[in-house]
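A.B. asks: I'd like to go over a predicted model; first the sequence, then the structure.
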Amino acid sequence: MAFQVQMSVLDNSDGSAELIIGNTKVIASVSGPIEPKQRQELPNQASLEIIIRPAKGLSTTREKLLEDKLRALLQSIIIRYKYPRQLISIVVQFLVTDEDPKFTANELNAAINCCYFALIDADIALYSSFASVVSCITENKLIQNPTGKELSQSDSHHVVCFNIQEGKADKILLLESQGEFVQEELFNLLSESVSNAEELHTLQRKYLKEKIDQDYIWK
Amino acid sequence: MDITEVISITKPQSSSQYNNIDESNDDSDIEMGESSAGGASAGIVTPGELITEDPIWMKGHGTYFLNDSTYSSVAGSVSRVNRLLSVIPLRGRYSPETGDHIVGRITEVANKRWKVDIGTRQDAVLMLGSVNLPGGILRRKSESDELQMRNFLKEGDLLNCEVQTIFSNGIASLHTRSLKYGKLRNGIFLKVPSSLIVKSKNHAYDLPGSVSVILGSNGYIWLHKTLANTSTTTTVNQNAAKIQGRDYAPGQGSISITRLEEESSWEIYSDQNDPNITSSTRSNISRYYNVIKALAYGELGITEQRVILGYEASLAYSNIGSLIDRESMEQICQEVLNSEKMRG
Amino acid sequence: MELYSPEGLRIDGRRWNELRRFECKINTHPHSADGSSYVEQGNTKIICMVRGPMEPAMKSQVNATSSTVEVNVSLANFSTFERKKRSKTDKRITELKTTLERTFNECIMGHLYPRTLISVTVQVLAQDGGLLAAMTNAVTLALIDAGIAMYDYVSGVNAGLYDQTSALLDLNTLEENDMCSLTIGVIGKSEKLALVVLEDKLPLDRLESVLAIAIAGSHRIRELMDMEVRKHGNMRLAKVSV
Amino acid sequence: MADLIVPGDKLPIEDPSTVKTTIGPGVYKMPTTHNLIPCSSGVITVETKNSNQLVYIESNNKRYIPHTNDFVIGVVTGVVGESYKVQLQDFSSPVLLGFMAFPNATKKNRPNLKIGSAVYARVLQDIPEIEAELECIDPTTGKEGGFGLLDESGYIFDVELNFARELLFNPKTVFLQLLSTKCQFEIAIGINGKIWIKCGEGLKEKTSDSMETDEEDPATNIKDLRTTLAAANFLIKCQHITQDKLKAELTNAFKGI
Amino acid sequence: MSRSIEISENQRKFLLESLKHGFRLTDRPFDHVRDISLYLSPTEYGYVEVSWGKTKLACRVTATVTTPYEDRPFEGIFTINSEISTMASMRFDTSRSNEEILIARIIEKAVRRSNSLDLESLCIIAGEKVWEITVDLNYLNYDGNFIDVGCFAVMLALHHFKKPDISINGNSIVVHDINERQPVPLSILHIPICLTYSFYNLTDKESNIKGEDADEICLLDADLLEELNRDGSLVITLNKNRELIQLSKNGGLPISAQQFLELTFKSMKTIDQLTDLIKTKIKEHEELRYKTENFKLLEASADR
């Protein structure tokens, strides 16, 4: 599956990335480790502030839900003990979206993948890499990276995020499934997603390589 | 740009004083500045007004200058002392001077110091080293004292103290190292403009009706029950008993050997009012309270004598609450002035 | 309804260059504030109180080199014809508050009062146009009453343009609703502008004529305020010498 | 460019339980398992020396985390107790610079730094759980050693951290050599991505006396000012161009001076 | 409490000294705006991204059918959402600062209250159905001057936007898909352009207030460092028809009436430039779009 990414697009953030995946365009910024406000401060690890902003209108409970999902994921992947009493602030701004507002699959998928690049750009310590894929099942047919239209016609849709150990999809960090599906379908989907995530990771490496070359262009 | 004429209508003014000012205002300011440059100034200057174009003057408070011209920055009267030109504002916050006897309120307990609101621009400080602590004044301040500063004086407590020095940044440093200073109890607090307090040798007075007053130079006033000369042993015992609940060792239970020792025991930091304040004392205190309010309303300088005169005049009103009606306040001021004249 | 008749009379009978009745008092609340004032500009009525310079309540208000000016604006629910509930976070109130803060921060000699807070409360009792201008005047007077050093008066008035041609001075609500309104704040007797706020369209080439009458009006208001300050000052001086 | 490593990869090193291993930036030791993992994405370097191995990951970033012995440039933002509060980067946790951390400082003889002043200092200690501390003393000599106030005649600007490291640690770096062909300069490089630079006399504050006595002064003044800014802009640009374009960029930056 | 940016005395002194000698740290002339680069979405109507120097923002226009306000049955609804997140800069906190409110308020005054969008043209059935046009301004990176850039982006997006065509069937309305029927552009009455000037007083306050000559320095389109160090600012909003839309000098350094008038007149040149930029960009974009869409049509017919 193809995506395009550009890193260090924002001057004021410590790390940022702009990702176009399918018809979704999203930009993420990471600032940190920086000084937290008193109420945010944790004595032995970094606190995470995650803000998700919609492409249209003002932030609602839908965005809050996305924030919580993303927080649960990132909390387990960032080495927070490396930054005691610090804050890592992550803002995800959707620019172009392609799904009915009652769905969040495409956006969640884009946000996770975009955060990976923004966190790497900010050089925040991670336990491992991660990659997320989205798919839906329509009449027993599996569709990877559905468009908004395909999503709304599907019977069920799923977002799976794996952590990547030594280039291989390892553990499932997040699985979001909605709709009607049977166990077999899900297992089938998971095994399909593994190869997709690994494919995605190869692409991630390609972009990270380009970033390093860009960072040391003056060498 | 050309300036267009403006028509304006104001309320007709009958007072001739008003017209005079208006005319002098229309005169050019330069003339005004020069005419008053020689002797005592007439009238007042207002912000932005040119006072003089003579470069000879040194610029004091209430002025600013550009090139040779000096302008006023406040509304007030011009004062010329030798070559120093300054404008004294009509009103302003209390500015402390070393030796002023004042009343203040604790606003913050900080590192080895208290911050005290004394009505100045910036809160004053009271260093832990500048207070008498239980166990004698000559005792060294220990770390345990530092840890229980809030047991001595806490936020909201009122105290009676003296300005020790003024730091270079304008902040006043206070002290209470004398038996007449310390935490205030058994009374009521009142605030008047500091300009009304006339500085004198003594600011604490015993008034008729077993009421005492502290007229702080900063305009903060404390009216309280007059203390008996010697405190009865029973009260000391009561207090000492109370204190035993707190885990403090020095001075505990050591009841008066010398008067000094006794005064600097825990009792001086007690929060308990004297339980034996009679209702007549209480109503006297409120009477004095309203009398002082009336004097402040009439913008009369507040002195011991005027407070007493006002008190006497107020006795004509049986209802203390009615003292702060506008007419009664004016009446009291008038009577105070009259009796002062009679006494010469 | 005709806002400006062919005979040159406005809806309340004024001429184009005529101010509304302007009345002001200072030291209206001597016991509850360091400085106070009351201003009536036509039917717009405002009370202003100043406290300070004093110890700031919040650490963020401490400026090591200068005083911090904080303005709180409150519009009484009964100040307009329709009784409206306003939220405290109303954008318009924030704009007024910020404008006043920035204006007076520049005009007060703040370097004389480092690490202090000057807290200004503006209470609007009645609104009938020229709100920002009247507030500016009220704050100026209250600051003078508090004895806070300022470089000069800031006096304000608004002006508008009727029918693309005639400049009108000191608009009331009816006029403000129907034409553009330029509010200015002028420093002393100069032509320096401390604040300029224009709402609604004004042809660029008419700006000068509207600005000219507004400046002239501001100067007149400064004179009226100055008279009041002097009257009050002389009265106090007389009392002291008694 | 050498090998890329990303978090989750296996470190290409000998088993740390058998070979003595020193870890540098980008490598994290799991507190529970004592495994070594890469936690950054970058270029891995493994050096083996007398049966010891050193491993670190070179990567670029913008946010600085204090480490002992780093040379940094900070801005004084206030005073807490007996220390200055110093900001190394916008929004970072402040660090402390004690009044006593200056050569010849005593209880009576305090340093006199104003708010907004810039200092060149060394990180004294970096315990993450508490505020980091700086000092302005060279620990080997106990003297000033170039630390202390960076006066206002020099300009301060920000670069990315990898570029700051290159300038500070690579004695053969081309950028400063190239710059020195155009102008004389004094420079202080903070590993936190802040650089202080002054060409010629830098910025001179005009006092009313000097203006009248020396008529030549303003012209050279402006020239020094412009040269300093040109030098700063040149170094900022250097971060994003290849080496073959350096010369052209230099000429461009100093155009018209 | 919002976070603040600390400026070293060195940077401040260099900035002011340079201004005194007549140049900016970046060598841009005092009255020039920074380089502007624009991205107009080729697929979606009403989505634009504006980079103005390093200041960057995205703007989207959306339209929905709704019921009008009771007191204005003949008018559509127009709202502008302008909220600055910490993405733009950690300075902008989750609690809205006065600065942020002022930015939103001035853009609102410039665009919405000046009736640049013809609200009556948004009416579908009086009192029952109208278009609601919503503009979402998303600030991505902050390097000063959000007001001018924000206002410009809103106007560009409004020009770029097309609302779906509708047809009325008795009491029900049909919204046609944009692929089915040509969508309709908005009716825009005039193009307000904001210009922010920043003022610097290089002498003392006394001469600013009492001095005769105006030696205050005035910069157009200040960047972050310049904005943080300014003594005052003035936002002038004008359109090509030489109409002042709004003026905001919310306190700050006093400036002379003369200088103020000169500034407003001098602004016309930049106003014309920026207005033309919007117009040419939109025209270019339309042509490009026309070509690609024609091409698609041709392709489609060739397939048949």
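C.D. replies: Looks like it came in fine. From a predicted model like this one, the values you see are computed outputs, not experimental measurements. Residues are numbered from 1 along each chain as shown, chains lettered A, B, ... in the order given.
A.B. asks: which stretches in chain B count as helices?
C.D. replies: Under the criterion DSSP state H, chain B contains helices at B:16-26, B:29-37, B:143-147, B:149-152, B:233-244, B:259-263, B:279-297, B:304-314, B:326-343.
A.B. asks: pick out the shakiest of those, pLDDT-wise.
C.D. replies: Mean pLDDT values for these show the minimum at helix B:29-37, a mean of 37.
A.B. asks: the chain: helices as residue ranges?
C.D. replies: Picking chain A for this. Along chain A, the stretches classed as helices by DSSP H are A:61-77, A:105-121, A:148-153, A:183-215.
A.B. asks: actually chain E
C.D. replies: Counting by DSSP H, the helices of chain E are E:9-20, E:98-107, E:146-160, E:205-210, E:224-228, E:257-303.
A.B. asks: show me the one of the helices of chain A that comes nearest residue E:150.
C.D. replies: helix A:61-77 (21.8 Å; Cβ to Cβ). No exception for glycine: its C-beta is placed from N, CA and C like everyone else's.
A.B. asks: what about that closest one, near chain E?
C.D. replies: No - Helix A:61-77 does not reach chain E (Cβ under 8 Å from any Cβ of the partner chain); its nearest approach is 11.4 Å.
A.B. asks: relative to helix A:105-121, how tilted is that helix?
C.D. replies: Interaxial angle, helix A:61-77 versus helix A:105-121 (axes from the mean of the first three to the mean of the last three Cα atoms, to 10 degrees): 40 degrees.
A.B. asks: for helix A:61-77, packing partners?
C.D. replies: For helix A:61-77, the packing partners by 3 or more Cβ pairs under 8 Å, 6 or more residues apart in numbering or on different chains; DSSP states H and E come out as strand A:47-53, strand A:87-96, helix A:105-121, strand A:168-179.
A.B. asks: switch to 7 Å and redo it
C.D. replies: Helix A:61-77 sits against strand A:47-53, helix A:105-121, strand A:168-179, with contacts defined as 3 or more Cβ pairs under 7 Å, 6 or more residues apart in numbering or on different chains; DSSP states H and E.
A.B. asks: who does the shortest one pair up with?
C.D. replies: With DSSP bridges as the test, strand A:47-53 is paired with strand A:87-96 (parallel).
A.B. asks: surely residue B:87 touches residue B:76?
C.D. replies: Yes - look at residue B:87 against residue B:76 with Cβ atoms under 7 Å: they come within range, at 4.8 Å.
A.B. asks: so what sits against both of those two?
C.D. replies: B:45, B:62 (Cβ atoms under 7 Å, 6 or more residues apart in numbering or on different chains).
A.B. asks: so which residue is smack in the middle of chain D?
C.D. replies: By Cα atoms, centre = their mean, chain D has its centre lying nearest to residue D:190, at 1.4 Å.
A.B. asks: can you tell me the closest non-neighbouring residue to that residue?
C.D. replies: residue D:73 (3.3 Å; Cβ to Cβ, 6 or more residues apart in numbering or on different chains).
A.B. asks: in what helix or strand does that neighbour lie?
C.D. replies: strand D:71-80 (DSSP states H and E).
A.B. asks: likewise residue D:32?
C.D. replies: Applying DSSP H and E, one finds residue D:32 in no helix or strand.
A.B. asks: that one: neighbour count?
C.D. replies: Residue D:32 has 5 neighbouring residues, counting by other Cβ atoms under 10 Å in any protein chain shown.
A.B. asks: for it, phi and psi?
C.D. replies: Torsion angles at residue D:32 (phi, psi; degrees, to the nearest 10) stand at phi -90, psi -50.
A.B. asks: ok, now how distant is it from residue A:45?
C.D. replies: 15 Å (Cβ to Cβ, to the nearest Å).
A.B. asks: repeat for residue A:214
C.D. replies: Using Cβ to Cβ, residue A:214 is found at 32 Å from residue A:45.
A.B. asks: quick one, which of these two is more surrounded?
C.D. replies: Taking neighbours as other Cβ under 10 Å, residue A:214 and residue A:45 compare with residue A:45 leading, 16 against 12.
A.B. asks: that one reaches residue A:85, doesn't it?
C.D. replies: No - using Cβ under 7 Å, residue A:45 is not in contact with residue A:85; the gap is 8.5 Å.
A.B. asks: which residue is the nearest non-sequential neighbour of residue B:43?
C.D. replies: residue C:234 (6.0 Å).
A.B. asks: wait, a strand at that neighbour?
C.D. replies: No - counting by DSSP: H, G, I helix; E, B strand; the rest coil, residue C:234 is not part of a strand but helix.
A.B. asks: out of the helices of chain A, deepest packed?
C.D. replies: Of those, the one with the most neighbours on average (mean count of other Cβ atoms under 10 Å in any protein chain shown) is helix A:105-121, at a mean of 26.
A.B. asks: low-confidence stretches in the chain?
C.D. replies: Using chain A here. A:1 (pLDDT under 70).
A.B. asks: nope, chain C please
C.D. replies: For chain C, applying pLDDT under 70 flags the ranges C:87-89, C:240-242.
A.B. asks: swap in 90 and give it another go.
C.D. replies: Applying pLDDT under 90 to chain C flags residues C:1-3, C:6-7, C:30-32, C:52, C:57-65, C:77, C:80-91, C:163-165, C:235-242.
A.B. asks: could you pull out the helices for it?
C.D. replies: Using DSSP H, helices in chain C cover C:91-107, C:131-145, C:173-178, C:207-241.
A.B. asks: winner for burial among these?
C.D. replies: Highest mean neighbour count among the helices of chain C (mean count of other Cβ under 10 Å): helix C:131-145, with a mean of 29.
A.B. asks: show me what it is packed up against.
C.D. replies: Here helix C:131-145 touches strand C:22-26, strand C:35-41, strand C:44-54, helix C:91-107, strand C:117-126, strand C:154-162, strand C:181-187, helix C:207-241, going by 3+ Cβ pairs under 7 Å, 6+ apart.
A.B. asks: and chain A, which of its residues are near chain E?
C.D. replies: A:10-13, A:27, A:29, A:31, A:34, A:51, A:53, A:55-58, A:89, A:91, A:93, A:95-96 (Cβ under 7 Å from any Cβ of the partner chain).
A.B. asks: the residue of chain C found nearest chain E and chain B, how far apart?
C.D. replies: Nearest residue of chain C to chain E, counting by Cβ to the nearest Cβ: residue C:102, 2.8 Å away. Counting by Cβ to the nearest Cβ, to the nearest Å, the gap from residue C:102 to chain B is 19 Å.
A.B. asks: for that residue, what are its contacts?
C.D. replies: Taking Cβ under 7 Å, 6+ apart, we find residue C:102 in contact with E:250, E:251, E:252.
A.B. asks: for residue C:222, same thing?
C.D. replies: Residue C:222 neighbours (Cβ under 7 Å, 6+ apart): C:153, C:155, C:188, C:189.
A.B. asks: was I right to think residue E:88 contacts residue E:142?
C.D. replies: Yes - with contact defined as Cβ under 7 Å, residue E:88 counts as touching residue E:142 (4.1 Å).
A.B. asks: give me the common contacts of those two.
C.D. replies: residue A:12.
A.B. asks: leaving out chain neighbours, which residue sits closest to residue B:47?
C.D. replies: Nearest residue to residue B:47, sequence neighbours excluded (Cβ to Cβ, 6+ apart): residue C:150, at 4.6 Å.
A.B. asks: tell me what the one you found is bridged to.
C.D. replies: residue C:108.
A.B. asks: my guess is it contacts residue B:72, does it?
C.D. replies: No - using Cβ under 7 Å, residue C:150 is not in contact with residue B:72; the gap is 9.6 Å.
A.B. asks: shared neighbours, those two?
C.D. replies: With Cβ under 7 Å, 6+ apart as the test, residue C:150 and residue B:72 both reach residue B:47.
A.B. asks: quick one, what contacts residue 150?
C.D. replies: Going with chain A. Contacts of residue A:150 (Cβ under 7 Å, 6+ apart): A:136, A:138, A:143.
A.B. asks: that's the other chain; I wanted chain B
C.D. replies: Neighbours of residue B:150 in contact, by Cβ under 7 Å, 6+ apart: residue B:109.
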